[in-house]
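*Asks:* requesting a structural model of the entry that follows:
(chains A and B)
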Amino acid sequence: MSATNGMIFDLENNCTLHVDLAKSNSRSKRSRTDDVPSYSSEKKARNPRGFPDSGAGSNIHMSGMGNSSHSLNGYPSAQSYTNFEPAAFSKDPSAFAPQNNPPCPTLFVANLGPTCSEQELIDVFSSCAGFIKVKMQNKFGAPVAFVDFKDMDSSTEAINRLQGVILYSSTGEGMRLEYAKSRMGLRKQDKRQ
DNA sequence: AGCACA
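*Replies:* Here you go, the predicted model:
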């Protein structure tokens, strides 16, 4: 009787099933906002829409990265493998990387693993057209990198291709790609149609 | 969420 009192999120099937609250159930006298009769810890969580916000509406599915041909922790000094295609594991880039910065040729890379090296980023980003160089900044626990492209078109395509790509040294969801901030960007670079 | 050099 309490199995489907709220909603059911089925993340595995990439489908969201939300069962409406009991309108004509046996407990129809219960108010819509008060769905937890046993625990009255938080009463402030009420919506005028009558739909409890759980915040779990995103159906993020991480693929398993089938390109792990090199599982070694060491990397060759020269880039010997630059032919793998990151477009194979295309997913929704906007699910976990909202880039609101104005477009620029330089990309900001974050959410890297603690053992990520600059050579690894070079090997990954060199597969994109217009790639120039990678400048990595090692901070403790939060390494970031800057990737320079020749144009904003190249950097935009690089974001779409390599957004959320899990490196061999990644620990979480993968690296986060954004447009780099710069005080030079305050110039008029927004072109209106 | 976290943004440096030239």
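
*Asks:* for DNA strand B, what are the nearby residues on chain A?
*Replies:* Residues of chain A lying near DNA strand B by C-beta under 7 Å from any atom of the strand: A:98, A:101, A:106, A:108, A:110-111, A:135, A:137, A:142, A:144, A:146, A:148, A:172, A:176, A:178-182, A:184. Yep, even glycine has a C-beta here, placed from its N, CA and C like the rest.

*Asks:* what's the span of stretch A:157-172, first residue to last?
*Replies:* From its first residue to its last, stretch A:157-172 covers 23 Å (C-alpha to C-alpha, to the nearest Å).

*Asks:* same question, stretch A:138-148
*Replies:* Stretch A:138-148 stretches 17 Å from its first residue to its last (C-alpha to C-alpha).

*Asks:* can you list contacts of it?
*Replies:* A:105-110, A:112-114, A:116, A:118, A:121, A:125, A:131-137, A:155, A:158, A:180 (C-beta atoms under 8 Å, 6 or more residues apart in numbering).

*Asks:* low-confidence ranges, chain A, go.
*Replies:* Applying pLDDT under 70 to chain A picks out residues A:1-98, A:184-193.

*Asks:* would you map out the domains in it?
*Replies:* Per automatic domain parsing, the structural domains of chain A span A:1-59, A:86-186.

*Asks:* narrow the residues of chain A next to DNA strand B to just the buried residues.
*Replies:* A:T106, A:F108, A:N111, A:V144, A:F146, A:D148, A:R176, A:E178, A:Y179, A:A180 (16 or more other C-beta atoms under 10 Å).

*Asks:* from those residues, which land in strands?
*Replies:* A:T106, A:F108, A:V144, A:F146, A:D148, A:R176, A:E178, A:Y179 (DSSP state E).

*Asks:* nearest to A:Q163, out of those residues: which one, please.
*Replies:* A:R176 (7.8 Å; C-beta to C-beta).

*Asks:* so who does the spatially closest residue to A:S154 that is not a sequence neighbour touch?
*Replies:* Spatial nearest neighbour of A:S154, excluding adjacent residues (C-beta to C-beta, 6 or more residues apart in numbering): A:G130 at 2.6 Å. Counting by C-beta under 8 Å, 6+ apart, A:G130 touches A:F149, A:K150, A:D151, A:D153, A:S154, A:S155, A:E157, A:A158.

*Asks:* for A:G130, phi and psi?
*Replies:* For A:G130, the backbone dihedrals (degrees, to the nearest 10) come out as phi 80, psi 10.

*Asks:* any figure for the gap between it and DNA strand B?
*Replies:* Taking C-beta to the nearest atom of the strand, to the nearest Å as the measure, A:G130 and DNA strand B are separated by 15 Å.
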